[in-house]
Every structure is written in C-alpha cells, then in structure tokens.
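Novice: Just a sequence and a predicted model for now, questions to come.
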Amino acid sequence: MTTITKTKTYLNYINGEWIVSESGETAESKNPANKDEVVGLYQLSSSKDFNQAATSARKAQKAWRKLAGNVRGDYLLKAAAILEERIEDIATAMTKEMGKTFAEAKGETARGVAILRYYAGEGMRPVGDVIPSTDSDALMFTTRVPLGVVGVITPWNFPVAIPMWKMAPALIYGNAVVIKPASETAITCAKVIECLHDAGIPAGVINMVTGSGSLIGTEMVNHPEIDAITFTGSNTVGKQLAQTAISRGIKYQLEMGGKNPVIVANDADLDLAVEATISGGLKSSGQKCTATSRVIVQQEVYDQFKEKLLEKVAAITVGDGMEEGTWMGPSASENQLNTVLSAIAKGKSEGANLLFGGEKVEKEGLNGYYVEPTVFENVSSTMTLAREEIFGPVLALMKVKTIEEALELANDSEYGLSASIFTTKISNMLSFINEMDAGLVRINAESAGVELQAPFGGMKQSSSHSREQGQAAKEFYTAIKTVFVK
Ligand SMILES: NC(=O)C1=CN([C@@H]2O[C@H](COP(=O)(O)OP(=O)(O)OC[C@H]3O[C@@H](n4cnc5c(N)ncnc54)[C@H](O)[C@@H]3O)[C@@H](O)[C@H]2O)C=CC1
Ligand SMILES: O=C(O)CCC(=O)C(=O)O
C-alpha cells in the first residue's frame with residue numbers, strides 16, 4: 001500500500017488570523033538531516049502582507065497597552081502552559097528544520113516556557129522610582145511606557161528561545177509585535193505563535209510574516225508603523241538594519257556574532273575543561289553565537305589536554321538529531337555546511353594543522369549536511385580560523401606560556417560575546433573577570449548557555465551594546481518617562 005502524505009502549508013498570522021500571502025507563493029522548509037524530506041511549506045510574503053501586519057499591530061497595541069500588567073501576564077502564563085503541553089511536537093519541528101538533537105530541542109522549548117513565565121511575572125513588578133524633587137510641594141517619579149510596535153527578526157539557531165526572549169518582554173511591557181522568523185525555521189515559529197494564539201492574546205497584538213529576509217526585513221525596518229527593531233543574526237545584516245534604524249530615528253537592538261575563547265590554565269581540572277570545550281564548541285554543531293571556537297591552553301598542560309580532547313571528540317556520534325544516540329546533528333543548511341567546509345579549507349591552506357575531522361560525513365543512511373567534528377592546532381591569531389565566526393563544529397587550539405598571554409590572545413578579536421576560563425586559582429579568575437572583553441564571562445563553565453533571568457549581550461562587534469533578557473529587556477522595550485506632579 002502506498003501512503004500519500006500531504007505536505008502541510010503554514011500560513012502567516014496577521015490580526016489574529018492564519019492567512020495565505022497575497023503573493024500566492026510558498027517555499028519549502030527542508031530537513032538538513034535528510035535532504036529529501038520537506039517539513040512543510042511556508043508563505044513567501046510580500047510588502048502588502050507586511051503592511052497589513054504592521055497596521056494591525058498598530059491598531060491592537062492601543063488597547064493592549066491599556067491592560068493591567070497582570071492581565072497581560074495571564075496571557076503569557078496561558079501560552080506557557082500550552083507551549084509546555086506541545087513540547088514534543090515543537091521540538092520535533094525544530095530538530096527537523098534545523099538539525100539540533102531532539103534532546104537539545106526539547107531543552108530549548110522548555111526554556112521558552114520558562115521565559116514566558118519569567119516575563120509574565122514582570123507584569124506585576126515595579127517599573128519606576130520616586131526621585132526627590134527640589135520643590136517640596138511636588139512629587140517626581142519615573143514610569144515606563146511601551147515603544148509601540150516592535151519588529152522582531154530572528155535566526156534559525158534558537159528558533160524557540162530567541163523569538164521568545166524578544167517577544168515575551170515586548171508583550172508584557174505593552175508593545176505589539178510583528179515577527180519575521182528565519183525561513184529555515186519558519187514552521188517551528190508558526191507552532192510557537194499558535195501557542196500564543198490559543199492562549200487568547202487579542203487579535204493584532206502578535207503577527208508573524210514569513211519570507212525573504214532581504215524583502216520582509218527591509219520592509220520592516222523602513223515601515224512607518226514599526227517603532228523599534230530587535231535582531232539576532234549575522235553582523236552584515238545587523239549593521240545594515242542599524243543604519244536604517246538610525247536614519248529613521250527608531251530604537252534598535254542587535255545580537256550578532258562571536259569568536260568565543262576558552263582559556264585552559266595549567267591548574268585547571270582538565271577533564272572538566274575538556275567536557276566544557278566539547279559541549280560549548282560542538283553541541284548544536286557549533287551553531288551558537290556563544291559557541292567556543294578558540295581553545296587557548298597553557299603549555300604545561302597542552303599535550304595532556306589535547307590528548308583527552310581528541311579521545312572524546314573521536315567518540316562523538318554524528319547523525320540525525322531525531323535518532324537516539326546521536327550527539328551531534330547536521331549543519332542547518334547546505335549554505336551553512338559550505339561555510340564550514342570553506343573555513344576548514346582555509347584553515348588548511350593558511351597552515352593550521354588538522355588534528356581531527358575536517359570532512360563531510362558520508363555514511364550509509366545519512367542524507368544530509370553532515371560535517372565531522374573538527375580540531376585544528378598551531379592556529380595563529382592572524383589566521384581566518386582564529387578571526388571569523390564559523391558557526392560550525394570547529395575548534396582551534398592555541399598554545400600559550402602565561403595567563404597574561406592567554407588573555408591577550410583571547411581579547412585579540414573583533415568580537416566580545418562570551419568567554420570562559422578553566423582554572424582553580426583565584427588570581428586567574430579575577431584577572432579574567434576584570435580583563436576579558438566579553439559580555440558574558442564564565443569560570444569553570446562552558447562559553448555557551450545563557451540564563452534567561454540574567455542580561456545577555458556582547459561587547460565590541462558582537463552587539464549594539466545593549467542587553468537582552470532578565471531585567472535588561474525592560475531597558476529596550478520601554479521608554480522612561482519622568483513625571484513631575486504639583
Ligand atoms: N548571532 C547569532 O546567533 C547568529 C549568527 N549567525 C551568523 O550569520 C551567518 C549567516 O547566517 P544567516 O542565517 O544567513 O544570517 P542572517 O543574518 O542572514 O539571518 C538572520 C535573520 O535575518 C534575516 N535577514 C536576512 N537578510 C536580511 C536583510 N537584508 N534585512 C533584514 N533581515 C534579513 C533572515 O531572514 C533571518 O531571519 C552564520 O553563519 C553565523 O555566522 C546566524 C544566525 C544566528
Ligand atoms: O548560548 C545560548 O544559550 C544562547 C546562544 C545564542 O543566543 C545564539 O546563539 O544566538
């Protein structure tokens with residue numbers, strides 16, 4: 001018997017309704033673990049679709065901002081409960097669209113639930129201060145007001161957590177949202193939006209328009225109904241968006257690349273350092289902006305560390321993230337695979353020494369964009385391997401004599417997102433905390449792994465110097481108003 005399965009078509013979400021794009025065009029979201037599998041179809045939207053979404057958001061925001069914070073919070077709590085019920089389904093969509101393992105996808109979806117709950121509580125927390133006035137008959141205080149309509153542009157590498165850590169604070173502080181998710185994970189995003197819809201959030205408060213980044217993203221940042229833009233993705237696109245946002249005088253926030261170092265000091269617990277380097281560098285196939293990519297090791301422990309690292313890397317199982325026993329899935333797309341392979345080729349041609357991996361994984365039964373976990377040594381700070389974000393499972397080992405040298409090398413990057421050190425010496429820890437130019441510094445812990453209740457963002461070229469998540473989100477999604485009453 002032949003089974004015919006119809007590919008599901010996912011729609012835009014505008015003004016509380018699921019609607020087809022007026023372009024009449026769709027595109028396929030494909031499984032990077034299996035090139036022949038179409039996960040679903042999403043809308044290739046037009047400017048008209050976007051305009052409809054932005055206009056609906058503007059209208060809906062007027063009533064949404066007037067609701068008491070706890071009422072907005074109740075909607076987020078309902079959405080959290082629904083998302084929690086659907087963890088398996090949403091995590092399956094995530095793994096199938098971008099390749100991370102099912103366990104990681106479930107963990108990320110659970111993080112989405114926690115983010116919604118955290119920001120639901122924000123609806124009842126203080127937003128301002130009373131400031132003594134020089135006029136003894138007056139009362140002076142600050143309050144906060146929403147920005148209006150926030151445009152949200154998200155990448156494919158955290159298709160639940162990133163949309164959630166942008167949308168949940170936007171919503172709780174009284175903004176309406178139009179989101180344009182990455183095309184690679186448009187279906188996962190549609191499933192997340194379904195949870196918000198089923199929680200009864202009023203029509204128009206959230207809108208989702210899928211399609212080309214250059215078309216919809218450009219439309220978004222230029223649209224008069226968009227009051228602020230929050231973006232996570234590549235530096236090139238982030239900086240383009242920022243220029244338009246500045247010229248329009250709207251608020252913007254960018255989270256971009258990283259070239260994150262781990263320093264392994266000669267007094268480190270080497271087993272712990274190896275575990276964390278592998279987890280931080282290779283989980284999700286290295287496709288995290290917080291992924292460890294430069295491994296800076298003191299010479300006394302270099303050989304021992306290298307031996308332990310290579311032994312563990314050799315044991316990594318690469319395969320379909322839906323299969324039990326897979327530790328590392330494919331790259332998210334053919335483009336991403338090619339970027340990784342070209343970085344590896346550059347590494348070889350620039351004279352780095354390939355210790356492990358470096359090739360596509362061609363195994364019977366695998367039909368996706370798989371690349372081996374890869375380790376280089378003799379990487380100098382001028383090589384591309386040490387300078388450019390690869391977004392792949394590639395580690396570059398660098399040997400140093402002293403901690404001072406390690407810190408200098410760690411800081412020799414245009415990026416400054418996250419960094420970690422493995423050491424048992426307090427003086428090393430303190431030097432690292434004080435001197436490392438990164439927004440997130442982690443001691444005896446991997447470079448990746450962001451906690452939703454703490455500020456997250458980078459220094460240098462890694463961000464627009466703003467912070468997301470935790471209480472920091474309030475700074476972006478609201479404007480302060482100083483009130484003087486007499
Ligand atoms: N910081 C991070 O977490 C991320 C970093 N990246 C970096 O970027 C590289 C390329 O990945 P891509 O997916 O191509 O990133 P990208 O920056 O092109 O895509 C991110 C988002 O921006 C949208 N976009 C694309 N062009 C746009 C434009 N002209 N105007 C407005 N929005 C636009 C995309 O549709 C997507 O929603 C990766 O290899 C990695 O190095 C990518 C994704 C996430
Ligand atoms: O490390 C994490 O948990 C978050 C990483 C992240 O924000 C990103 O890759 O875009």
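Specialist: Sure, I can see it. Ligands and ions are numbered 1, 2, ... in the order given.
Novice: Tell me the residues of the stretch 351-486 of the chain that contact ligand 1?
Specialist: For the stretch 351-486 of the chain, the residues found near ligand 1 under the criterion Cβ under 6 Å from any ligand atom are 389, 391. For glycine as for every other residue, the C-beta is placed from the backbone atoms N, C-alpha and C.
Novice: Mind telling me which residue of the stretch 351-486 of the chain is nearest ligand 1?
Specialist: residue 391 (3.7 Å; Cβ to the nearest ligand atom).
Novice: what's around that residue, how many residues?
Specialist: Other residues near residue 391 number 25, with proximity taken as other Cβ atoms under 10 Å.
Novice: residues contacting the closest residue to it other than its chain neighbours?
Specialist: Spatially, and ignoring its direct neighbours in sequence, residue 391 is nearest to residue 287 (5.1 Å; Cβ to Cβ, 6 or more residues apart in numbering). By Cβ atoms under 8 Å, 6 or more residues apart in numbering, the contact list for residue 287 reads 98, 100, 157, 331-332, 336, 391-392.
Novice: give me that answer again for 7 Å
Specialist: The contact partners of residue 287, taken as Cβ atoms under 7 Å, 6 or more residues apart in numbering, are 157, 332, 391.
Novice: Which positions in the helix or strand hosting residue 253 come out as buried?
Specialist: Element membership of residue 253 [criterion: DSSP states H and E] is strand 251-255. Within strand 251-255, the residues scored as buried using 16 or more other Cβ atoms under 10 Å are 251-255.
Novice: before we move on, what about stretch 255-270?
Specialist: 255-266, 268, 270.
Novice: residues from the protein in reach of ligand 1?
Specialist: By the rule Cβ under 6 Å from any ligand atom, the part of the chain lying against ligand 1 is 153-157, 180, 182-183, 213-214, 217-218, 232-234, 237, 240-241, 255-257, 289, 339, 389, 391.
Novice: mind listing which of the residues you listed are in helices?
Specialist: Among these, DSSP state H puts 218, 237, 240-241, 339 in helices.
Novice: Which residues does the longest helix anywhere in the chain contact?
Specialist: Secondary structure of the chain read by DSSP H shows that its longest helix is helix 102-122. For helix 102-122, contacts defined as Cβ under 7 Å, 6+ apart pick out 73, 76-77, 79-80, 83-84, 87, 90-91, 94-95, 158, 160-161, 164-165, 168-169, 172, 192, 283-284, 321-322, 452-453.
Novice: just the CA coordinates of it, formatted as CSV?
Specialist: Provided in CSV are the C-alpha atoms of helix 102-122 (Å, rounded to 0.1, in the frame of the first residue of the first chain):
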residue,chain,number,x,y,z
PHE,A,102,15.8,16.2,19.9
ALA,A,103,17.1,16.4,23.5
GLU,A,104,18.5,19.9,22.9
ALA,A,105,15.3,20.9,21.1
LYS,A,106,13.2,19.8,24.0
GLY,A,107,15.5,21.7,26.4
GLU,A,108,15.2,24.8,24.3
THR,A,109,11.4,24.6,24.1
ALA,A,110,11.3,24.2,27.9
ARG,A,111,13.5,27.3,28.1
GLY,A,112,10.8,29.1,26.0
VAL,A,113,8.2,28.1,28.7
ALA,A,114,10.4,29.4,31.4
ILE,A,115,10.9,32.7,29.6
LEU,A,116,7.2,33.2,29.2
ARG,A,117,6.7,32.5,32.9
TYR,A,118,9.5,34.9,33.9
TYR,A,119,8.1,37.8,31.9
ALA,A,120,4.5,37.0,32.9
GLY,A,121,5.7,38.0,36.4
GLU,A,122,7.1,41.2,35.1
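Novice: and that helix, what's its mean pLDDT?
Specialist: Average pLDDT, helix 102-122: 98.
Novice: Just the buried positions in the helix or strand just after it, please.
Specialist: Remark: after helix 102-122, the chain's next helix or strand is strand 139-146, criterion DSSP H and E. Within strand 139-146, the residues that count as buried by 16+ other Cβ under 10 Å are 140, 144, 146.
Novice: just stretch 466-486 next, same as before
Specialist: With burial defined by 16+ other Cβ under 10 Å, the residues of stretch 466-486 counted as buried are 466-470, 473-479.
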